[in-house]
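Enquirer: Sequence below, structure please.
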Amino acid sequence: GDYFRTVSGNYGMSYSISNVMKDASFHNLAKWIPDSIEENYVRNYVSNKMLYPTFVPKNKKQKIIENAVAREAIRMSFKQHIEMNFKKNQMGFLEKLKAIGQDMNKITETFYYEKSQEKKKLQKNDFDLIIGMGGIFSHIDSKKQALITLIDGFHPEGVTEIWIDKFFASPHMGKLAEVNEEVALDFLQNDLMQKLGYHIRPIFPPTKKDKILLKIVINDKETLEIHPNKILFLNEDCQKINLKFNLKKGVFLSSSKDSFELNTDLPIIIDTRKEYNFNDENKALNLFTSEKDNDLESDFIK
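Expert: Here you go, the predicted model:
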């Protein structure tokens, strides 16, 4: 019920794209780029995009660079938003004592804010919906690319549904609502928003790095065992699917319950990574290796 608005005008994909690379550092940007793309090529592309902000990427190299920049812009903007609106160490002594028995409070990020002298708590796994909007999502090649860009930018925890504004038109719905509120709401709900999938990241302590975190039963038939440092893409063909999650002790999704059930026809990413890099994602999701891509050099991605 509370609303927080932050504008990060210094992090964008056109005039301020060089600022993203400067503040993120090339080292962080390089996590999302294969080694076969040289650093000079990346730096030149970013600088030229700043000079010609309406340029649209033409080949896979350029699209990978733009997606990489978008990840870092989202990450830094989200960090800026948290710092401006929330406090991480605002919990009082009595609240800390109460939280000692709640294991999830020890292993997930928690934010606090005050409103009308009332302290409130918000954890990363409380974010159950993320909506991406902007040119990077309106013109992206595939839903998977949009999905992973938002996931890598926000690092959500628990169970999170991911959407995009596919036409980048929702900022105009306020004006349309002044003329016809019913039409604006209908357009926003039924035409603009595109559901991409679910991201599921269990919350677990570092002590479980070599152990099974949970088991997933798919349609009461197949059972998957999920270990740390993995990324798994399910239901790419968007069939009706039932998933039952049985969590091991000390592993959480959205509460202290040891089980969770999901019914959906959306793709699902099961994500237990602590480290993020392009090669793991590209292998798991087949992001940039389609045979249809004629501009993908034969030695570009092995």
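
Enquirer: Could you use CA atoms for every contact and neighbour count after this?
Expert: OK.

Enquirer: quick one: low-confidence parts of the protein?
Expert: Applying pLDDT under 70 to the chain flags residues 88-106, 114-119, 255-256, 289-302.

Enquirer: Show me where it has its helices.
Expert: 17-24, 26-30, 39-51, 60-85, 93-99, 104-107, 135-138, 143-154, 173-179, 181-187, 278-285 (DSSP state H).

Enquirer: and T207, which of these is closest to it?
Expert: Within the helices of the chain, the stretch nearest T207 is helix 104-107; the backing value is 11.0 Å (C-alpha to C-alpha).

Enquirer: got a list of what the residue nearest to F55 when sequence neighbours are not counted touches?
Expert: Using C-alpha to C-alpha, 6 or more residues apart in numbering and skipping residues adjacent in sequence, the residue nearest F55 is K49, 6.4 Å away. Contacts for K49 (C-alpha atoms under 8 Å, 6 or more residues apart in numbering) come out as S14, Y15, I17, F55.

Enquirer: separation between the residue nearest to the second one when sequence neighbours are not counted and N125?
Expert: Spatial nearest neighbour of Y15, chain neighbours left out: M50 (4.7 Å); criterion: C-alpha to C-alpha, 6+ apart. When C-alpha to C-alpha, to the nearest Å is applied, the distance between M50 and N125 equals 35 Å.

Enquirer: The two: who's more crowded?
Expert: N125 (22 against 19; other C-alpha atoms under 10 Å).

Enquirer: Would you confirm that the more buried one contacts H155?
Expert: No - counting by C-alpha atoms under 8 Å, N125 does not reach H155; the two are 10.1 Å apart.

Enquirer: on that earlier part again, format the helices of the chain as TSV; extra columns: distance to E222.
Expert: Shown next, in TSV, are the helices of the chain (distance: least, C-alpha to C-alpha, whole Å):
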stretch	distance to E222
helix 17-24	42
helix 26-30	37
helix 39-51	43
helix 60-85	34
helix 93-99	37
helix 104-107	29
helix 135-138	34
helix 143-154	24
helix 173-179	44
helix 181-187	39
helix 278-285	19
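
Enquirer: which residues in the stretch 151-300 of the chain form strands?
Expert: With strands called from DSSP state E, counting those that start in this stretch, the stretch 151-300 of the chain shows them at 158-165, 193-201, 214-218, 222-226, 231-234, 241-247, 259-264, 268-271.

Enquirer: nearest to L285, of these?
Expert: Of these, nearest to L285 by C-alpha to C-alpha is strand 231-234, at 6.4 Å.

Enquirer: Please spell out the ChimeraX selection for the buried subset of the contacts of K49.
Expert: Only the buried entries of the contacts of K49 go into this ChimeraX selection, using 16 or more other C-alpha atoms under 10 Å:
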select :14,15,17
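
Enquirer: Kindly reformat the contacts of K49 as TSV containing distance to S25.
Expert: Below are the contacts of K49 laid out as TSV (distance: C-alpha to C-alpha, whole Å):
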residue	distance to S25
S14	17
Y15	17
I17	12
F55	23
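
Enquirer: farthest pair in the contacts of K49?
Expert: I17 and F55 (12.2 Å).

Enquirer: Dump the strands of the stretch 151-300 of the chain into JSON lines; add mean neighbour count and distance to D186 as well.
Expert: Below are the strands of the stretch 151-300 of the chain laid out as JSON lines (neighbours: other C-alpha atoms under 10 Å; distance: least, C-alpha to C-alpha, whole Å):
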{"stretch": "strand 158-165", "mean neighbour count": "21", "distance to D186": "14"}
{"stretch": "strand 193-201", "mean neighbour count": "21", "distance to D186": "11"}
{"stretch": "strand 214-218", "mean neighbour count": "18", "distance to D186": "34"}
{"stretch": "strand 222-226", "mean neighbour count": "13", "distance to D186": "39"}
{"stretch": "strand 231-234", "mean neighbour count": "17", "distance to D186": "31"}
{"stretch": "strand 241-247", "mean neighbour count": "18", "distance to D186": "28"}
{"stretch": "strand 259-264", "mean neighbour count": "14", "distance to D186": "23"}
{"stretch": "strand 268-271", "mean neighbour count": "21", "distance to D186": "27"}
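
Enquirer: Kindly reformat these as a markdown table containing distance to Q80.
Expert: Converted to a markdown table, the strands of the stretch 151-300 of the chain look like this (distance: least, C-alpha to C-alpha, whole Å):
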| stretch | distance to Q80 |
| --- | --- |
| strand 158-165 | 21 |
| strand 193-201 | 23 |
| strand 214-218 | 33 |
| strand 222-226 | 33 |
| strand 231-234 | 27 |
| strand 241-247 | 33 |
| strand 259-264 | 32 |
| strand 268-271 | 24 |
